[in-house]
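Participant: Sequence and computational prediction follow.
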Amino acid sequence: MHPALEALGDYPLARFQDLARAMAAEGTPLHDFSVGDPVEPTPRFIRTALIDAVPEVSQYPTAAGLPELRQEIATWAHRRTGVRVDPDRHVLPTSGSKEAIFHLPLAVLDPDGPRDGALYGTPGYAPYERGARFASGRADPEPLSAASGWRLHLEALERDRLDRAGLAWLNYPHNPTGAIADRDYLARQLATARERGVTLASDECYLDIHPVAGPRPPSVLEVAADASSAEGPDLSGLLVAFSLSKRSGMTGYRSGALVGDPELIRRNRLLRPNIGTASPEFVQRAAIAAWSDEEHVAERRATFDAKRAVLLDFAARAGLAVSGSEATFYLWLAAPGGDDAAYAEALLAHRIIASPGRAFGPGGHGWLRLALVPSVEGCQEAAAIWERAIADGSLPGH
Ligand SMILES: Cc1ncc(COP(=O)(O)O)c(C=O)c1O
């Protein structure tokens, strides 16, 4: 067995998924807020684009992806961030963003060199750590806190850690806390990473899922573009991961993109034919349809906004402390009593599944993550059950 695999054990949410599956198999109706996999249908025009693109003979897709898809991603990036990226030099389609995030250290970290570390915040998304370890790199987590808005401040880290880092991960809007970063913060992180020679990787898969009335989260691409010249934006040392999963309700399709520094894109283009993760061309055709449309994204935003409003109201009534939670995909609550695992177990008895914060690393201890996956009605039902349980004393409220 690969030692990195042996050391990691189960995927953090696997135990909760198993429990939920077992309860569902017994016919117990569940309010499942554990996995960030929404249930709203993929818009019909996207499904149709996929079906219409299934050919009689389907051959291997290329790692570089269809030129039309790269172009559509560049067009979307311009619409969303105001930055004109070159579809051939700056853009690489991926099979969702998870595999690209996991594989990135294989392209940009030298495990035998002086910069073998990957910096990331905890709590955070597991592949930042796991990708580094499987690439024989060094995982270097930094605890995040409510006091610092769940932000990773590279400029506050010890010199030595930056000198030994090849890669640093940002992720705003943030999983698991739902925190949003502002432009000044992103500009400081990019400037620090560049000054200290660290590749900055920004995971922005939740960029388009934010409150209808704002704030609209900025992309680090916008900040990089402040230094645009006649030759185009300066994306040196920067890679951004985007995804259609949450934006367009396409978690099952597996489609995303890396956008950034031409040299970093080139390294990924060299790496990826070895892995075989290119997205099937009929999925790429569906992706072209999805990136080209904003109307369905606005509808999805409104839906998540409504779910968040239901649960924020409930948390306020029940006296549950909320932190982060500025974006609309996750709510982050302080676990009453302080033990997130015990509280998540207790919630299960009420058929509500929340993720204990520790599933996202040691920095998540004491918190609960709710992924706004059930329908608006499902959120209302779950809130009513939870509120009754607090009122009758079967669940602690503070
Ligand atoms: C922070 C973060 N990044 C990336 C992903 C991967 O998404 P996908 O591979 O579906 O694009 C997720 C999925 O939940 C996530 O939470």
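Facilitator: Cool, the structure landed. Residues are numbered from 1 along each chain as shown.
Participant: only C-alpha atoms for contact and neighbour calcs from this point on.
Facilitator: OK.
Participant: Tell me, domain by domain, which residues of the protein belong where.
Facilitator: 3-42+296-391, 44-293 (automatic domain parsing).
Participant: pLDDT value on Val223, please?
Facilitator: Each residue has a pLDDT score; the one for Val223 is 91.
Participant: actually Ala349, not the one I typed
Facilitator: 88.
Participant: Tell me how many other residues crowd it.
Facilitator: By other C-alpha atoms under 10 Å, the residues close to Ala349 number 11.
Participant: just the one 10 residues further on next, same as before
Facilitator: Residues within reach of Ala359, counting by other C-alpha under 10 Å, total 26.
Participant: any idea how far it is from Ser229?
Facilitator: 43 Å (C-alpha to C-alpha, to the nearest Å).
Participant: Then His365?
Facilitator: The value you get for His365 to Ser229, if C-alpha to C-alpha is used, is 45 Å.
Participant: burial count for the residue nearest to Asp110 when sequence neighbours are not counted?
Facilitator: Distances taken as C-alpha to C-alpha, 6 or more residues apart in numbering place Asp116 nearest to Asp110, at 5.7 Å, with adjacent residues excluded. Other residues lying near Asp116 total 23 when counted by other C-alpha under 10 Å.
Participant: With neighbour numbers in mind, choose between His365 and Ser229.
Facilitator: Neighbour totals were compared for His365 and Ser229, and His365 leads with 20 against 9 (other C-alpha under 10 Å).
Participant: Quick check: phi and psi on the more buried one?
Facilitator: Main-chain dihedrals, His365, degrees, to the nearest 10: phi -60, psi 130.
Participant: Hmm, Leu238 and Thr199 touching each other?
Facilitator: Yes. Counting by C-alpha atoms under 8 Å, Thr199 touches Leu238, with 6.0 Å between them.
Participant: Tell me where the longest helix sits in the protein.
Facilitator: helix 295-318 (DSSP state H).
Participant: and that one, what other elements does it pack with?
Facilitator: Packing partners of helix 295-318 (3 or more C-alpha pairs under 8 Å, 6 or more residues apart in numbering; DSSP states H and E): helix 376-391.
Participant: Let's see that with 10 Å instead.
Facilitator: Helix 295-318 is packed against helix 281-291, strand 322-323, strand 330-334, strand 367-371, helix 376-391, with contacts defined by 3 or more C-alpha pairs under 10 Å, 6 or more residues apart in numbering; DSSP states H and E.
Participant: For Ala126, which non-adjacent residue is closest in space?
Facilitator: Residue nearest to Ala126 in three dimensions, not counting chain neighbours: Phe360, with 6.6 Å by C-alpha to C-alpha, 6+ apart.
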